[in-house]
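# this one's structure only:
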């Protein structure tokens, strides 16, 4: 988002998406993004380039498209929404789990698990996408903000 290439830090997942999108593969690609630089955000490439809210979009916008795109304020939160949605669908398809709320809870990580995941990422050398620092924050926000969203 700052116009700095991170290619040397990232796995070449674009190649996996390219293979999945081949007509004979029959794989549907769903992506989650928040700022334009994530895989799949190429689906709204021209809209991102035209946006006045994204600084230097031409330096950070992804050209990799997808079949279904979930756009959220923070990609992690879009992941929470996808997992919760999967829980709702599972409940109504099977009526398992006692209640819809219980099934959704099974599909989401706990607050403790989310904290452990982020701390493990930082311990492994991961950096916050906004601050660029190795710290337990998510897109420049304190972990508590994400935990509140998850809850």
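Received it, and whenever you're ready, just let me know what you need. Since the structure is predicted, the reported quantities are computational estimates derived from the model, not experimental observations.

# May I have the phi/psi pair for the residue in the chain sticking out farthest from the centre?
Most distant from the centre of the chain: residue 98, at 28.9 Å, with distances by C-alpha atoms, centre = their mean. In terms of degrees, to the nearest 10, the main-chain angles of residue 98 are phi 90, psi -50.

# Going forward, the N-terminal residue is numbered 15.
Got it, first residue is 15 now, which makes that one residue 112.

# ok, now how distant is it from residue 41?
When distance is defined by C-beta to C-beta, to the nearest Å, residue 112 is 33 Å away from residue 41. Yep, even glycine has a C-beta here, placed from its N, CA and C like the rest.

# Please apply the same query to residue 155.
Counting by C-beta to C-beta, the gap from residue 155 to residue 41 is 33 Å.

# Between those two, point out the one with more neighbours.
Set side by side, residue 155 and residue 41 show more neighbours around residue 155, with 16 against 12, by other C-beta atoms under 10 Å.

# where exactly do the helices run in this structure?
27-34, 59-64, 71-74, 89-108, 114-121, 125-137, 157-164 (DSSP state H).

# nearest to residue 148, of the ones you listed?
Of all the helices of the chain, it is helix 125-137 that lies closest to residue 148, at 5.4 Å by C-beta to C-beta.

# tell me the angle the closest one makes with helix 157-164.
Going by axes from the mean of the first three to the mean of the last three C-alpha atoms, to 10 degrees, helix 125-137 is angled at 140 degrees with respect to helix 157-164.

# what is the orientation angle of helix 125-137 with helix 89-108?
Using the same axes, to 10 degrees: helix 125-137 against helix 89-108 is 140 degrees.

# Helix 125-137: which residues count as buried?
128-129, 132, 136 (16 or more other C-beta atoms under 10 Å).

# ditto for stretch 115-125
Buried residues in stretch 115-125, counting neighbours by 16+ other C-beta under 10 Å, are found at 117-118, 121-122.

# Check which helices and strands the one helix or strand in the chain whose mean pLDDT sits lowest is in contact with.
Using mean pLDDT, DSSP states H and E, the weakest-scoring helix or strand in the chain turns out to be helix 71-74, at a mean of 82. With contacts taken as 3 or more C-beta pairs under 8 Å, 6 or more residues apart in numbering; DSSP states H and E, helix 71-74 sits against helix 59-64.

# Just the mean pLDDT for the helix it packs on, thanks.
The average pLDDT within helix 59-64 is 92.
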